[in-house]
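> Output the structure for:
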Amino acid sequence: MAAARMDAAGELSNRRAPGFSLPDSNINYHDLADYRGKIVLLDLIKTSCPVCNSSHKILETVRQKYPDKVTIITIVPAMEDNTGTVLQFVKSNSVKTPMLFDCGQVMASYLKLTPKKSNIGLPHLFLIDANGMIRNDWEYVGGGATSVFEALWPLLKEVEMLINQQSGPVAPPKK
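Numbering: from 1, shown residues only. Just a heads-up that it's a prediction; the model follows:
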């Protein structure tokens, strides 16, 4: 069995983060534009995925270390997850960040899915800067239930680098 690892999937980075407005389990909508000026870690998961389950421990550590500068948003596919599975996931993993339901369009736009490239590799984590640009992304590569975040500690360096770069004003949204 090959060791699990996180690979930067560069083709999905260095572009504007697609906008969205998605509901959480309480039908409160969350719009990516509301988080402008903060670094966003956008986590695409399925609650039944063992690797996805373990990821929130590390993401929670990042949230606690940078509570005023970093926002974590988790998106699950509505065709595979529902309010019950999400509430169980939140309870089991002490999730304190929004978990949103996507009917497919948001994941498709972030993962650049097409009819020829329709495989959804989850978990997938996107690092979005304060100006709404995807600075990096990682997809789980490998098998088994080994935590992909064992190799993700370099994320902390990238987050710190973005925080240090934010000393100037945030650019206004492009129209």
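> contacts, neighbours, all on C-alpha from now
Fine.
> got the residue ranges for the helices in this protein?
Secondary structure of the chain (DSSP state H): helices at 50-65, 83-93, 105-111, 154-165.
> measure C49 to Y110 for me?
Shown here: C49 relative to Y110, a distance of 19 Å by CA to CA, to the nearest Å.
> same deal with M99?
Computed as CA to CA, the M99 to Y110 distance reads 16 Å.
> of those two, who's got more company?
Neighbours around M99 and Y110, counted as other CA atoms under 10 Å, are more numerous at M99. The numbers are 25 against 20.
> who's in contact with that one?
With contacts taken as CA atoms under 8 Å, 6 or more residues apart in numbering, M99 has the following neighbours: D24, S25, I73, T74, I75, V76, V86.
> Check those for burial and list the buried ones.
When neighbours are counted using 16 or more other CA atoms under 10 Å, these contain these buried positions: D24, I73, T74, I75, V76, V86.
> Around V95, count how many other residues there are.
Applying other CA under 10 Å, we find 17 residues neighbouring V95.
> One more: the one 5 residues further on?
Under the neighbour criterion other CA under 10 Å, L100 is assigned a count of 24.
> and what of T97?
The criterion is other CA under 10 Å. On that basis, T97 has 15 neighbouring residues.
> How about L113?
The criterion is other CA under 10 Å. On that basis, L113 has 14 neighbouring residues.
> So which of the buried ones among the contacts of M99 is the closest to L155?
Distance to L155 across those (CA to CA) is lowest for I73, with 15.6 Å.
> Mind pulling up the pLDDT for the closest one?
With respect to pLDDT, I73 has a value of 97.
> Identify the bridge partners of it.
Here I73 sits in beta bridges with L42, as judged by DSSP bridges.
> for P77, same thing?
The residues listed as beta-bridge partners of P77 by DSSP bridges are D102.
> how near is it to N26?
With distances defined as CA to CA, the gap from P77 to N26 amounts to 16 Å.
> Pick out whichever of those two has more residues nearby.
P77 (19 against 8).
> While we're on the more buried one, how confident is the model there?
The confidence metric pLDDT takes the value 95 at P77.
> low pLDDT regions in this protein?
Across the chain, the ranges flagged by pLDDT under 70 are 1-10, 142-154, 167-175.
> what about 80?
Counting by pLDDT under 80, the ranges of the chain that qualify are 1-11, 51, 53-55, 121, 140-158, 166-175.
> sorry, back to before: farthest-separated two in the buried ones among the contacts of M99?
When the buried ones among the contacts of M99 are compared pair by pair using CA to CA, the farthest-apart members prove to be I73 and V86, with a separation of 13.3 Å.
> before we move on, the earlier item: tabulate the helices of the chain (a markdown table), appending distance to R135.
What follows is the helices of the chain, written out as a markdown table (distance: least, CA to CA, whole Å):
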| stretch | distance to R135 |
| --- | --- |
| helix 50-65 | 17 |
| helix 83-93 | 27 |
| helix 105-111 | 13 |
| helix 154-165 | 9 |
